[in-house]
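S.K.: predicted model follows, preceded by the sequence.
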Protein chains: 2
Amino acid sequence: MNLVTQLRDITGAEHVLVEPAATAPYLTDWRKRYHGAALAVVRPGSTDEVARVVAACAAAGTPMLPQGGNTGLVGGSTPDADGNTVLISLQRMNRVRAVDRENDTITVEAGCVLATVQQAAREHDRLFPLSLAAEGTATIGGNLATNAGGTQVLRYGNTRELTLGLEVVLASGEIWNGLRALRKDNTGYDLKQLFIGSEGTLGVITAATLKLFPLPRAQVTAFAAVPTLHAAARLLDRARAGAGATLTAFEVMSVGCVRRTVTELPRVRAPLPLTSAWYALLELSDHESEAHAATLLEEILGAAIESGDVEDSVVAASLDQSKSLWQLREGIPEAHAKAGGNVKHDIALPVSAIPDFVEATNAELAARFPWIEPAVFGHLGDGNLHYNMGTREGTPIAVAFGREKEINAIVHAAVAKRAGSISAEHGIGQLKRAELPNFKPAVELELMRRIKQALDPQGLMNPGKVL
Amino acid sequence: MNLVTQLRDITGAEHVLVEPAATAPYLTDWRKRYHGAALAVVRPGSTDEVARVVAACAAAGTPMLPQGGNTGLVGGSTPDADGNTVLISLQRMNRVRAVDRENDTITVEAGCVLATVQQAAREHDRLFPLSLAAEGTATIGGNLATNAGGTQVLRYGNTRELTLGLEVVLASGEIWNGLRALRKDNTGYDLKQLFIGSEGTLGVITAATLKLFPLPRAQVTAFAAVPTLHAAARLLDRARAGAGATLTAFEVMSVGCVRRTVTELPRVRAPLPLTSAWYALLELSDHESEAHAATLLEEILGAAIESGDVEDSVVAASLDQSKSLWQLREGIPEAHAKAGGNVKHDIALPVSAIPDFVEATNAELAARFPWIEPAVFGHLGDGNLHYNMGTREGTPIAVAFGREKEINAIVHAAVAKRAGSISAEHGIGQLKRAELPNFKPAVELELMRRIKQALDPQGLMNPGKVL
């Protein structure tokens, strides 16, 4: 019996797609940069079905690629062009299995859309803090496979830190039920950590038990004009000292990013005159009251104005104003996309290294490419910058894309020099696979290969990605 | 050249101990329950020396056991009796390599005593939050190898969550420099997670880069009498909702524990009349002021008194009073030791399962052993209980020790039934190794063996522990 027939027996024929019109949406990433082919797209509806699909593929020696919401940015969930791969879509596995309000945990299947997980938590008066631009489409399984970050990492950590347990179908088709709901468990190697962030190369995550948090009573946002990134870093330090874990976000954006966003997106307004070089967005999530949070923010910003680190600032007076400040920050990628895109880098550095990195690398790029215009923004509190490069007025963006490799090389060398990461949030996928050996010690790559060999000896799980 | 001679060449003869009088302290655990033998105790002074020691042992096919402060509770750092093992003490590797205040990170060698790390952070106006009874002796390397927990896990997580990077000497003697200081880094498998909590069975941790936090401005503690563990769980919920991450500890103790502690330890006083069944200790770490924290605690406790969850309470009026409340909690193990000890269990459960677990298991044990007296305390906020069993007045504790295996079996079965952990904080070591197969799925044990095989193919790293 051929493999496709076996898959039809497992899931029902209607959940095995082979026609190009049906499979097409699964075979291209959402930025339409990668295009692949598949023997079939299979949509199992349960962990048991996933296990049988994987066992059948393993027996046939057929490569497999697990896919969630297909919102990745590095081609990690697009197959190669050979057409031998079975793409396993987890989208039908979208049940919230359990919410344990008293234990502050939720157990969800991999195909749950992130926004659904957030909503299920909220219905139980709880917060699931993972939050990112694609949350209406991205699945929690994809978030886990890529260890997604987002805007609340400063307080709550990445997806990894939010995970207590996993259920995984191994490369053999065996099911590992590691769905623990425990904050402490020191009984051997913490295997879930291997699957988190492994981009589908070690197994198929089918469900997870995640941490919940009490819902804060108020979220208040402020917007501050700062003269330099050094001043922004000092403001971050002051805000952390004054607000502790109440500070849930600290974002920065260059004035160019802000200008571009208010120009391209009519719904977005700048809350301050755009006369400073940088702007910071601070968010407090307060368990007392909106008034308490606003007062705290005003104290922090007042002291920073006195010290010269802040040139001007505004504290949102309402939830609507807070949302509109977030729109400004979250509109940046859309605004740049409307203007033709730019050359992107998703980098992480020690926070202490960021101001010098930006100054030195901006200068190096400007010396080499006089037409370049940096569009820099990101999560300063996490040391994570979206260090993107466009062109000045008058130079078409195609010029920058034509020099993309050279720009990448300069940026990544500057990152490596400061012990940073060339992929803070988005993973390696196909996009950065060839670069990885330049940035990892050989001994680490060898360890990764040994882990891959131990967990996927046939090399069938998402081949051609990461390693 | 024999191995001991090679070791002497590497570290200098004075750092290779072979005389029984010199090696004895390394060959017995601090509770004096395990006794082993060693070919030699070697005390390398640098990562390079550790690497050469490991390479020499690997070439000779000699087992190795890394040891920190030797404060473990499960025999994980005591060798077997064969006398073939080289014990590698990390105590000489005790330098603080770097503090990056602006990045909130510290890089320390494995042999640094935990209290030294805390102190180094404090000198830079930063908090390293890991805190546990043995902190004056335990080393950070041991904390990492056992993923230590302690009293601040509710807010800051276990040692794992505090770790950004590791330097590890692999079983081959190669050095893996994974000392990253990044909050976000999605560039492949997160290998450090394997070594954390692996109890020295996969490699030798030689250094770590750890997270620091802003120092809170005030820490205020309260003590509350609660009628039941259900009421304690509701108080926890209320405190989390009202204080968010400001709530840094939530401990419970049975009235028996409190009574024993004030009886045995003259320095400790009960702050309330001991008329309730349970007591909770709450700690707020506040970034505003002592007055702010005290007011918040009073509000939380006032509402809980109104709802009937709290019968009586006191908020510490000074740092000294806070310390004395902590002495009561932290004196419990010492008080029981003075009274002859008891049969200990270090378990974790979903918080929601704890009240029923204690009620049902207390009843089951009392039905079987009429002389039994529970002494239960722990970190309710983390779902972690020290569920210990002594004897009532008139029955010597030896009676309980004589039935230790039966008591363990009842307790661990009750834990397993509720998807809990038989080792929340202390690890597996030798003590619980034989039990592990009863509590882990076979597929998980097989995955652990494959990881062990991949990273330590000769099986020389701390054999006989964990797996």
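M.R.: Right, received. Where do you want to start?
S.K.: tell me the residues on the stretch 51-200 of chain A that lie near chain B, please.
M.R.: With C-beta under 8 Å from any C-beta of the partner chain as the criterion, the stretch 51-200 of chain A meets chain B at residues A:100-105, A:146-147, A:149, A:153, A:155, A:157-158, A:160-161, A:170, A:174-178, A:180-191, A:193-194, A:196-198. C-beta: built from backbone N, CA, C; applies to glycine.
S.K.: 6 Å instead?
M.R.: Of all the residues in the stretch 51-200 of chain A, those in contact range of chain B (C-beta under 6 Å from any C-beta of the partner chain) are A:100, A:102-103, A:147, A:149, A:174, A:176, A:181-191, A:193-194, A:197-198.
S.K.: restricted to strands, list these.
M.R.: Among these, the members falling in strands are A:100, A:176 (criterion: DSSP state E).
S.K.: wait, residue A:54 touches residue A:173, no?
M.R.: Yes: between residue A:54 and residue A:173 a contact is recorded at 4.3 Å, counting by C-beta atoms under 6 Å.
S.K.: more crowded one of these two?
M.R.: Ranked by neighbour count (other C-beta atoms under 10 Å in any protein chain shown), residue A:54 and residue A:173 place residue A:54 first, with 26 against 17.
S.K.: type out the PyMOL command that picks the buried ones from the residues of the stretch 51-200 of chain A next to chain B.
M.R.: When burial is assessed using 16 or more other C-beta atoms under 10 Å in any protein chain shown, the buried subset of these is captured in PyMOL by this command:
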select buried, chain A and resi 100+102+103+147+149+174+176+181+182+183+184+185+186+187+188+189+190+191+193+194+197+198
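S.K.: the residues of the stretch 51-200 of chain A next to chain B in helices, which ones?
M.R.: Helix and strand membership here follows DSSP state H; of those, those in helices are A:193-194.
S.K.: what's the neighbour count on the spatially closest residue to residue A:309 that is not a sequence neighbour?
M.R.: Counting by C-beta to C-beta, 6 or more residues apart in numbering or on different chains, the nearest residue to residue A:309 once its immediate chain neighbours are dropped is residue A:231, at 4.1 Å. A total of 23 residues lie near residue A:231 under the criterion other C-beta under 10 Å.
S.K.: so residue A:231 sits against residue A:308, correct?
M.R.: No: the criterion here is C-beta under 6 Å, and residue A:231 misses it with residue A:308 at 7.4 Å.
S.K.: now the strands for the stretch 201-350 of chain A?
M.R.: Residue ranges of the strands in the stretch 201-350 of chain A, as given by DSSP state E, counting those that start in this stretch, are A:203-211, A:213-214, A:218-226, A:247-254, A:278-286, A:312-315, A:346-348.
S.K.: okay if I get the ones you listed as a markdown table plus mean pLDDT, mean neighbour count and distance to residue A:304?
M.R.: Formatted as a markdown table, the entries for the strands of the stretch 201-350 of chain A read as follows, by pLDDT from 0 to 100; neighbours: other C-beta atoms under 10 Å in any protein chain shown; distance: least, C-beta to C-beta, whole Å:
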| stretch | mean pLDDT | mean neighbour count | distance to residue A:304 |
| --- | --- | --- | --- |
| strand A:203-211 | 98 | 27 | 32 |
| strand A:213-214 | 96 | 20 | 28 |
| strand A:218-226 | 97 | 24 | 7 |
| strand A:247-254 | 97 | 25 | 12 |
| strand A:278-286 | 97 | 26 | 10 |
| strand A:312-315 | 98 | 20 | 8 |
| strand A:346-348 | 97 | 27 | 25 |
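S.K.: with distance to chain B as added columns, please give those in CSV.
M.R.: Listed next are the strands of the stretch 201-350 of chain A as CSV, based on distance: least, C-beta to the nearest C-beta, whole Å:
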stretch, distance to chain B
strand A:203-211, 10
strand A:213-214, 5
strand A:218-226, 11
strand A:247-254, 9
strand A:278-286, 7
strand A:312-315, 17
strand A:346-348, 5
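S.K.: please name whichever of the ones you listed is nearest to residue B:25.
M.R.: Of all these, strand A:203-211 sits nearest to residue B:25, with 40.7 Å by C-beta to C-beta.
S.K.: just checking: what are the partner strands of that closest one?
M.R.: Paired with strand A:203-211 in the same sheet, following DSSP bridges, are strand A:105-109 (antiparallel), strand A:163-170 (antiparallel).
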